[in-house]
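Student: Give me coordinates for this.
(chains A, B and C)
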Amino acid sequence: MKKLSVNRRTVLKGSTAAGVALSMPTFFHSKAYAANFTNAPTGSSVTLGFNVPQTGAYADEGGDELRAYKLAVKHINGEGDGGMLNTIKPLSLKGNGILGKKVAYVTGDTQTKSDAARASAKRMIEKDGALMITGGSSSGVAVAVQGLCQEAGVIFMAGLTHSNDTTGKDKKRNGFRHFFNAYMSGAALAPVLEKSYGKDRNAYHLTADYTWGWTQEESIKNSTEAIGWNTVNAVRTPLGAGDFSQYITPVLNSGADVLILNHYGKDMINSLTQAVQFGLRDKVVNGKDFTIVVPLYSRLMAQGAGKNVKGIYGSTNWHWSLQDAGSKAFVKSFGQEYGFPPSQAAHTCYVQTIMYADACERAGTFNPCGVVESLEGHKFDGAGNGATEYRADDHQCFKDVLVVKGNENPTSQFDILEVVEVTPRSQVEYDPKIFGGNLGACNAGKA
Amino acid sequence: MLKNFVNKRDLPVFLGFIAIVLLAPIIMAPLGAGYPDLLQKFAIFGIFAIGFNILFGLTGYLSFGHAAFLGVGSYTAVWTFKLLTVNVVPAIFLSTLMGGLFALLIGVISLRRSGIYFSILTLAFAQMAYNLAYSVLTPITNGETGLQLTLNDSRVIDNMFREVSKTSLPSTDFFGLSMSGFSGFYFCAVVLIICFYISLRIFRSPFGVMLKAVKSNQERMSYTGLNTRPYTLAAFVISGMFAGLAGGLMAVTDPLAGAERMQWTVGGEVVLMTILGGAGTLIGPVLGAVTIKYFENIFSSLNDSILNSFFSFMPEPMQHVFTAVAGLFVGEGWHLTLGALFVVIVVFLPGGLMEGIGRIGKLFRRGGDDGDKKEPAAKFATPAE
Amino acid sequence: MDVILLQLLNGLDKGGAYALIALGLTLTFGTLGIVNFAHGALFMLGAFCAVTLKSLLNLQMVVLDPIKKTAWGTPLEIKTPYVEKWFGEFGSVLLEYSVPLSILLAIPIMLLIGVAIERGLIKHFYKRPHADQILVTFGLAIVMQEIVKSIFGANPIPQPAPEIFAGSADVGAWFGMNAGAVVYPWWRMVYLGFSAIIIAGVFSFLQFTTFGMVVRAGMADRETVGLMGIDIDRRFTIVFGLAAIVAGMAGVMYTPILSPDYHMGMDFLVLSFVVVVVGGMGSLPGAVAAGFLLGILQSFASLNEVKNIFPGIDQIIIYLVAVVTLLVRPRGLMGRKGVMES
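Tutor: Numbers count the residues shown, from 1 in each chain, chains lettered A, B, ... in the order given. Next up is the predicted model:
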């Protein structure tokens, strides 16, 4: 079993590197092959690293991301029906891999832990020669791996990460994000909430007590207060608390008439289920029906909350029921391959991979600095979110954001959310300066 | 001179250990583990486990809280990089010191109890440290994201003596020697060898004998009028310093410190490493650390396409069956394999992996030396004792 | 005032849950002396008994719709559960009550699993060091978890309580307070009552039956009891099976509160150990008392008024209580001398 990963290359690389290291200490960091950037591809193939959670709470989401990555590789290599390759405009990919090299991939398990994710990414870079790392189901992991890729001189294409920090405070020149962020969630949700619930509301926040939760709380607070809502209280809850009852009971008599749950994944499922059990949605406060809002929805995770999501507003990056050509093409090839529709995590990962490949093709090189240059400010359409741009100032994608609502009459287990509104890009845009941070210089790694 | 340095009986073990550690990149390459990051992890968790073994292996006190010291070491090291210099010497010194200090603090309280009560006390302290580091202590720890170097760190000493780049982050170094890649591994390897040596000397010292006596019968020890607590506390602090050092090295090879390093699962991991390898043996803990890290990094990376090519010599239908079956145990199923391994090892090799090695050694020696046969297997499981 | 009452009620409810989860562990850990890291996994398996029953009841007849298509072009599937097809109304009721019904499934299954684990593995570990027990039970827990994951996936699976327990009760109104001031979910009160019954049942079983007496004697001095010609091994097997059943039932009933996933056992493992140790090794009343103590303190520590004075207190309260208790009372609240101290 252990011999599985033996191949000539690893043996050669390991032993030559070690030989060099042993005999000539001054040449410690010289690579065994000559190239002008990290992991420059020499053979007929190019390796990408797919770093997703395979164990732990987000394993299913990670599994869906991995399925999307495999599909993207197939399409880039010219196999299958091509999916979004037929709908994204402009696109330079020819269906023969990237720059004529066939795409190969390696996978790893992040365990949704920064340390494990970095170890896994380092393996891909140091051992497998990956040129680009992508994936993730949490902002902490995304920021950690993005930092690593910057230092190592490879490109990082973020997967599912929603914190403002990823392309704000902690942005890096070598990292790009297609997924939307907490600020956009707030900006997109507020008008819809105003329309459905009015201007005179008292909101109570329950917030996961870590970086992502705080940025989301701040963003949602700002945008709801801008429409005239009052924030009664914002309470921090420990990550993975399981039972949230002790945080829900104080909501009952607080005078609040809206509960905003800044939770994701398991926390979201549990806090929502329990809040509904406490009868919050049956309450009438200040003459208004009590409501619950979940700013960041994930369809995959929302399944765990069952019927409780019905009628609850939130935002999402993408949803499989969209009817534009790009979404339809993607849902079709994903559905035919795996038998169920893709999640938003799968969608963002798929698009990120295609856009990376396209950027290399357009730049005519795999050199990270060339790729960065061709991705910065790149505009494209036909990937499911309308006109999209990788903004040069912070490497955040700007595009339409979806406001969704728990479906009252789902027709299948996948039909949990219905799209209420597609908020146009102009409404969710912001000045890149508000989150601080510094992209720094691009890093192509060691020569 | 060598005689004073290492006991004659231990010399082959010690030299063998040095040789294996230094040649690790070549030995590990055929197993797919010959790349710097994993080799660094082997060495660092080896240090962590060696330190843990000084407490657990010798005194029998089972701490579930050593992750706290690992985390403290990492945070200290990263803060040293941020405030003073990216040279690793002060960071390593300070992280060992802080690990020791925290261990002293927690040890003084926890060692008032023994047995399972001691374990729960250490676990409680580590979990408190983790929960606070993850949330309210974010200004110090940077919470979930983890503490990283930034361009506007002060780095007082570096700014005095070096040109400092304004656009790219500095990388950690040992007087110019980069701490990433193979040079980083060799740095860790040298530290590992030093730690192994310290542990060897402790095992052989009167202090070590005293600790073992605590393990075998604490009550009798106290009847002799001897207060055992200073000894156990010393062992606790030493193992805390090893953990702090390991945490510091983690930050040296990869300047990021995250709160999850303090979670009980990490503290549990070092317990498992030590027991899996063989608690109370000199080499066992390192072996356990290597085994667990190997599973975590290599088994988890095997996916269907790799399996398919591995089984490609078979006819197609068989290839698919084998891939499907093997797929359950690697990739996303690597946890299953690890769990099953724990059960199998502990059932069949009560002394951990070292007992397995001892038994194999016994097989080879059979017939050659009659004297060996009479010795119990446990003797081989602890070749250095 | 409402807030205090609500948190007190909440603390009682939490305490009942903690005590019930820790009860099974007290039996194996405090009684048999086995450090059972697989206890959380047994709790998880219990919860998945509920999931299994529900999916069995939900086995569906699949008919392909001749006209309609899915978004990816394959024919739409129309599903009807067989039970509803066969039994009509009664089938729907079965589905509705799947969670409480699962207890009937959980008891034999958990007994089987418990006995199998004890006979196959734990039996050989009574005399091994605690460290070995930890390694083997931890490995076992991982194996059980991964098997569940490979069958049911990693995502939580919703298990709603029956509709009549779905909402919450206006507890305040019963005591003449304003309507809606103190409300509490029905299912949580069911869980509290259930905990009380199970705890009382296990307690009286050990206290008032001959079987229980022998087990307690075996705990105190195993060899002497063996010499008296009593088959203590068989009784230990039954105790382990009993512990598995209690853990499993706690898991089944907890599913409407916490959608079960394969990892839930690990999340409860540390908590249940803390409860047992704070209560004192080998003491059932101790575990129950510790469960309520921790539940109530945790509820009050989560109040904003308290959090404003001590930031982050709700995150560490459980561990803080454990440290203070163990320092003030060396063997927990009601622990006996000599149990698990070496």
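
Student: Determine the number of other residues adjacent to C:Leu64.
Tutor: Other residues near C:Leu64 come to 10 when the count uses other C-beta atoms under 10 Å in any protein chain shown. (Glycine included, C-beta is placed from N, CA and C.)

Student: Also C:Ile67?
Tutor: The number of residues packed around C:Ile67, counting by other C-beta under 10 Å, is 6.

Student: Next: B:Leu105.
Tutor: Neighbours of B:Leu105 under the rule other C-beta under 10 Å: 13.

Student: And the pLDDT for it?
Tutor: At B:Leu105, the model reports a pLDDT of 96.

Student: Check which helix or strand it maps to.
Tutor: Per DSSP states H and E, B:Leu105 falls inside helix B:88-110.

Student: ok, that helix near chain A or not?
Tutor: No. Using C-beta under 8 Å from any C-beta of the partner chain, helix B:88-110 never reaches chain A; the gap is at least 14.6 Å.

Student: can you pull the buried residues of that helix?
Tutor: Across helix B:88-110, burial judged by 16 or more other C-beta atoms under 10 Å in any protein chain shown covers B:88, B:90-92, B:94-103, B:106-107, B:110.

Student: what does the stretch 101-250 of chain B have sitting close to chain A?
Tutor: By C-beta under 8 Å from any C-beta, the residues of the stretch 101-250 of chain B that approach chain A are B:131, B:134-136, B:138, B:142-146, B:148, B:151, B:167-169, B:171, B:177-178, B:180-183, B:186, B:250.

Student: Now the spatially most central residue of chain A. Nearest residue, chain neighbours left out?
Tutor: With distances taken as C-alpha atoms, centre = their mean, the residue of chain A nearest its centroid is A:Leu160 (1.6 Å). Closest residue to A:Leu160 apart from its sequence neighbours, by C-beta to C-beta, 6 or more residues apart in numbering or on different chains: A:Ala345 at 4.4 Å.

Student: Please verify my assumption that that neighbour contacts A:Glu65.
Tutor: Yes. Counting by C-beta atoms under 8 Å, A:Glu65 is a contact partner of A:Ala345 at 5.1 Å.

Student: Could you name every residue contacting both of the two?
Tutor: When contacts are counted by C-beta atoms under 8 Å, 6 or more residues apart in numbering or on different chains, A:Ala345 and A:Glu65 have A:137, A:159-160 as shared neighbours.

Student: now, which of the residues you listed sits nearest chain C?
Tutor: Closest approach to chain C among the shared contacts of A:Ala345 and A:Glu65 (C-beta to the nearest C-beta): A:Ser137, at 11.1 Å.

Student: For that closest one, give me its contacts.
Tutor: A:52-53, A:58, A:61-62, A:65, A:110, A:112, A:159-160, A:345.

Student: Including secondary structure, distance to B:Val343 and pLDDT, could those residues go into JSON lines?
Tutor: Output for those, formatted as JSON lines (DSSP: H, G, I helix; E, B strand; the rest coil; distance: C-beta to C-beta, whole Å; pLDDT from 0 to 100):
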{"residue": "A:Val52", "secondary structure": "strand", "distance to B:Val343": "28", "pLDDT": "94"}
{"residue": "A:Pro53", "secondary structure": "coil", "distance to B:Val343": "25", "pLDDT": "92"}
{"residue": "A:Tyr58", "secondary structure": "coil", "distance to B:Val343": "27", "pLDDT": "86"}
{"residue": "A:Glu61", "secondary structure": "helix", "distance to B:Val343": "30", "pLDDT": "90"}
{"residue": "A:Gly62", "secondary structure": "helix", "distance to B:Val343": "26", "pLDDT": "92"}
{"residue": "A:Glu65", "secondary structure": "helix", "distance to B:Val343": "31", "pLDDT": "95"}
{"residue": "A:Thr110", "secondary structure": "coil", "distance to B:Val343": "26", "pLDDT": "92"}
{"residue": "A:Thr112", "secondary structure": "coil", "distance to B:Val343": "26", "pLDDT": "87"}
{"residue": "A:Gly159", "secondary structure": "coil", "distance to B:Val343": "34", "pLDDT": "93"}
{"residue": "A:Leu160", "secondary structure": "coil", "distance to B:Val343": "35", "pLDDT": "93"}
{"residue": "A:Ala345", "secondary structure": "helix", "distance to B:Val343": "34", "pLDDT": "95"}
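
Student: hmm, back to that, list only buried entries from the residues of the stretch 101-250 of chain B next to chain A.
Tutor: Neighbour-count burial (16+ other C-beta under 10 Å) is assigned, among these, to B:131, B:134-136, B:138, B:142-146, B:148, B:169, B:177-178, B:180-183, B:186, B:250.

Student: Cross these against strands and list the overlap.
Tutor: B:148, B:177-178 (DSSP state E).

Student: how close does the residue of the stretch 1-150 of chain A found nearest chain C get to chain B?
Tutor: Residue nearest to chain C within the stretch 1-150 of chain A: A:Ala59 (3.5 Å; C-beta to the nearest C-beta). For A:Ala59, the distance to chain B equals 7 Å [C-beta to the nearest C-beta, to the nearest Å].

Student: Could you list which residues are in contact with B:Lys212?
Tutor: Contacts here follow C-beta under 8 Å, 6+ apart; on that basis B:Lys212 touches B:58-59.

Student: Within range of chain A, give me the residues from the stretch 201-342 of chain C.
Tutor: Within the stretch 201-342 of chain C, the positions lying close to chain A (C-beta under 8 Å from any C-beta) are C:256-259, C:261, C:263-264, C:267-268, C:298-299, C:302-304, C:307, C:314-315.

Student: how close does the residue in the stretch 201-350 of chain A that chain C sits nearest to get to A:Ala329?
Tutor: Using C-beta to the nearest C-beta, the single residue of the stretch 201-350 of chain A nearest to chain C is A:Gly335, 2.3 Å away. Distance, A:Gly335 to A:Ala329, using C-beta to C-beta, to the nearest Å: 11 Å.

Student: Of the two, which one has the most company?
Tutor: Taking other C-beta under 10 Å, A:Gly335 and A:Ala329 do not tie; A:Ala329 has more neighbours (22 against 19).

Student: For the stretch 251-400 of chain A, which segments count as strands?
Tutor: Ranges of strands in the stretch 251-400 of chain A, per DSSP state E, counting those that start in this stretch, are A:258-262, A:284-285, A:288-289, A:291-296, A:313-316, A:379-380, A:388-390, A:397-398.

Student: close to chain C, is the second one?
Tutor: No. Using C-beta under 8 Å from any C-beta, strand A:284-285 stays clear of chain C, coming no nearer than 8.8 Å.
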